[in-house]
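>>> Any chance you can model this:
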Amino acid sequence: MKLEKLWYSFLDGEQYNVLDNFYFDTEHTEWNNTIKKNFTLILDDFQKIYDSNDIGIVPYINEKLSDDHKKWTFFPLKYWGKEYKENIEKVEKTAEILFQFPEIISAAFSILQPNTSIKPHVGDTNAIIRNHLGLIIPDSLPKCGFQVGEELKNWKENEILSFCDAQRHQAWNNTKKLRAVLIFDVIRPEFFSQKDKICESMTKILWWQTKFQHYYFLGKLPKAVRRLLI
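The predicted structure is shown next:
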């Protein structure tokens, strides 16, 4: 489905009322095929930073989204166009594989520890296709899984699950082993010409969202004021 209008939860509210997909079929894309062909290299990079307990592995930016923010961590490589160069140097092969594609504007290793859930939430914008490459998947539904809207899916190792981040979604790992995926965001083709502006807007939005976590009164700012902030 092709969209015409950009949507941001920061500006338009937390309910995504646009007729849109829950999941996407990305099997035909060059980036999907290239990333899966290099699965072993990517998994080796992940194991390297995880086994060494690398200092670049940090709690997810929004601490309220999981039932224990210390058990949902990530290792960011790029976030809305901003590169984390120290992290990239540690997983150079993964970075080279991903960032040969200009449409990939964010990427991170995501780690969900045993018996940890990510609460239902909507993402920040409909401008992207969010993707999960399964790296270490301890089990399938119902113990370990992912849901967008009413549709439940299993992660699978060396398979890419592509979905609309703007739709309400949640995840859980009710097993005794960790779940690891590579998350990466692809700008939707209809918005690619606006890529730089979208990344700039999202960088400002994320800054304000961080402030909202600590200064709750800011969350009550009217939409008109919020638009002036970005």
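
>>> hey, where'd the helices end up in this protein?
Using DSSP state H, the helices of the chain run over 9-12, 30-37, 39-51, 85-90, 92-98, 195-214, 223-229.

>>> need the least confident one among these, by mean pLDDT.
Of all the helices of the chain, mean pLDDT reaches its minimum on helix 223-229 (a mean of 61).

>>> what bits of this protein have low per-residue confidence?
Where the chain drops to pLDDT under 70, the residues are 208-230.

>>> will you turn the helices of the chain into a markdown table that also has distance to K64 and mean neighbour count?
Glycine gets a C-beta too; all of them are placed from N, C-alpha and C. Listed next are the helices of the chain as a markdown table, based on distance: least, C-beta to C-beta, whole Å; neighbours: other C-beta atoms under 10 Å:
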| stretch | distance to K64 | mean neighbour count |
| --- | --- | --- |
| helix 9-12 | 14 | 19 |
| helix 30-37 | 30 | 15 |
| helix 39-51 | 24 | 16 |
| helix 85-90 | 24 | 15 |
| helix 92-98 | 28 | 18 |
| helix 195-214 | 7 | 15 |
| helix 223-229 | 19 | 11 |
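
>>> Those into TSV, with extra columns for distance to W155?
Converted to TSV, those look like this (distance: least, C-beta to C-beta, whole Å):
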stretch	distance to W155
helix 9-12	24
helix 30-37	14
helix 39-51	13
helix 85-90	23
helix 92-98	18
helix 195-214	25
helix 223-229	34
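
>>> right, so of those helices, which gets closest to W72?
Among these, the nearest to W72 by C-beta to C-beta is helix 39-51 (14.0 Å).

>>> which residues touch that closest one?
Applying C-beta atoms under 8 Å, 6 or more residues apart in numbering, the contact partners of helix 39-51 are 35, 56-57, 75, 90-91, 93-94, 97, 109, 111, 133, 135-136, 157-158, 180, 182.

>>> Swap in 7 Å and give it another go.
Outside of helix 39-51, the residues within contact range by C-beta atoms under 7 Å, 6 or more residues apart in numbering are 56-57, 75, 90-91, 93-94, 97, 109, 111, 133, 135, 158, 180, 182.

>>> Report the separation between the residue sitting nearest the centre point of the chain and S193.
Nearest residue to the geometric centre of the chain (C-alpha atoms, centre = their mean): I183, 5.0 Å. Distance of I183 to S193, given as C-beta to C-beta, to the nearest Å: 24 Å.
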